[in-house]
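Participant: only geometry, no sequence info:
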């Protein structure tokens, strides 16, 4: 029994089957059985369990360290992967939110010239009547805005910059989740009369005015002067587009003054 006790104290579990009570009393846990049924189970106290655990850990230090290290690495890996997945999901959601969620863009049809495709949106077949018809016939559309756009050279303050110029209405700011850092949106009379006013993004401000306040400054789009009335909040960019590299003018102005051609409709579905 002394040999068995010494082995048990070194951290080795000994299971001993006996009919003798005096031998059974050497054990730290006694289970009495009869006809395959457990009659009594004298478990160790919490103190005994802690003592035995510490003794087992001390007797196999290397194994204990490696086991603990495996648990730590495993748990850390799971936490890291969950954090990366959550971060990626939030980044995608933020990018979608910057563009405007639940938005659908409807572009004009493509055309052919001498058998060569001119590409999507090469025919200006969409009209304001189409927009009104869509809005009235499709209840799922909660907001809609007409757009005409084209890349254009812009000059101001002795600098020039090639940017995207869009003609639209105030509804576009809601569809695209645009907020204003400075200035205001278009007034109704400016939209109706086709006033030469413009709202610019942060990238345009940086390249034309630096950090200076652009409000009430004059910019020239295709040599046509426009007064800056608003500066949009920075949205940042994506892998394929700089959302702040934009100028927005009234729809009527874009069509009549600077002859923007590529037209499309932006619609928001649902709430």
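Facilitator: On my side now, so go ahead. Just so it is clear, the structure is predicted and the values come from calculations on it, not from any experiment.
Participant: list the buried ones in the longest strand anywhere in the chain?
Facilitator: As assigned by DSSP state E, the longest strand anywhere in the chain is strand 141-156. Within strand 141-156, the residues scored as buried using 16 or more other CB atoms under 10 Å are 141, 143-150, 152, 154-156. C-beta: built from backbone N, CA, C; applies to glycine.
Participant: what are the pairing partners of it, and which direction each?
Facilitator: The strands beside strand 141-156 in its sheet (DSSP bridges) come out as strand 159-168 (antiparallel), strand 218-221 (antiparallel), strand 262-269 (antiparallel).
Participant: report the rounded mean pLDDT for it.
Facilitator: For strand 141-156, the mean pLDDT works out to 87.
Participant: any idea how far that strand is from the middle of the chain?
Facilitator: 25 Å (CA atoms, centre = their mean, to the nearest Å).
Participant: swap in stretch 169-179?
Facilitator: With CA atoms, centre = their mean, you get 20 Å for stretch 169-179.
Participant: and for stretch 200-218?
Facilitator: On CA atoms, centre = their mean, the centre of stretch 200-218 falls 28 Å from that of its chain.
Participant: check which residues of it are buried.
Facilitator: 200, 201, 202, 203, 204, 205, 207, 208, 209, 214, 217.
Participant: helix or strand for residue 227, which one?
Facilitator: strand 224-232 (DSSP states H and E).
Participant: other SSEs contacting that strand?
Facilitator: strand 180-183, strand 197-200, helix 202-209, strand 218-221, strand 246-250 (3 or more CB pairs under 8 Å, 6 or more residues apart in numbering; DSSP states H and E).
Participant: tell me where the stretch 1-150 of the chain has helices.
Facilitator: Secondary structure of the stretch 1-150 of the chain (DSSP state H, counting those that start in this stretch): helices at 2-9, 21-24, 46-59, 61-99, 128-137.
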